[in-house]
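**Q** sharing a sequence plus its predicted fold:
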Amino acid sequence: MTIMDTGWIDIGALDDVPRQGARIVRTPSGCIAVFRTADDRVFAIDDRCPHKGGPLSQGIVHGASVTCPLHNWVISLESGTAEGADEGSVACFRVKVEDGRIHLAASAIAFAVGDTSAT
């Protein structure tokens, strides 16, 4: 993981995250799940399901959503909100892909360690 002067953190290669899969970025106060969809879009959200705290990074990715492995809550990767009849949300973080590398906004790390104004 490399912090760049531009406010982005290089967290690895796009190919390190399998299609319809996820990897996590560990921070002092929890994990951020970085997802890759079947069409190579990349999203970053808090790795704790709003229902019971399940690890979303271990869920099933379908379209632009992930299903929590514990109780099947479906979370939008685009907005972080629960879909269907469920209510709740997780934090979303800015992420981009450049030259085959995934970059996470440095503000995501600041938010993850308690600065809620950073996103």
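**A** Received it, and whenever you're ready, just let me know what you need. Residues are numbered from 1 along each chain as shown.
**Q** ok, the residue nearest to G100 when sequence neighbours are not counted - contacts?
**A** Nearest residue to G100, sequence neighbours excluded (C-beta to C-beta, 6 or more residues apart in numbering): L14, at 5.2 Å. No exception for glycine: its C-beta is placed from N, CA and C like everyone else's. Listed by C-beta atoms under 8 Å, 6 or more residues apart in numbering, the contact set of L14 reads 36, 40, 42, 97, 100-102.
**Q** A82: neighbour count?
**A** Residue crowding around A82 was assessed by other C-beta atoms under 10 Å; the count is 20.
**Q** for it, give its distance to V90.
**A** Distance, A82 to V90, using C-beta to C-beta, to the nearest Å: 9 Å.
**Q** now do the shared contacts for those two.
**A** 50, 75.
**Q** and L104, what pLDDT?
**A** pLDDT recorded at L104 is 95.
**Q** for beta bridges, what are the partners of it?
**A** The partner list for L104 in beta bridges (DSSP bridges) reads I9, V95.
**Q** burial of it, as a residue count?
**A** 23.
**Q** now swap in I109 and tell me
**A** 20.
**Q** kindly confirm my reading that it is in a strand.
**A** No: per DSSP: H, G, I helix; E, B strand; the rest coil, I109 lies outside any strand segment and is helix.
**Q** can I assume it is in contact with W8?
**A** No: using C-beta atoms under 8 Å, I109 is not in contact with W8; the gap is 10.8 Å.
**Q** any regions of this protein where pLDDT drops low?
**A** By pLDDT under 70, the weakly predicted segments of the chain are 1-5, 110-119.
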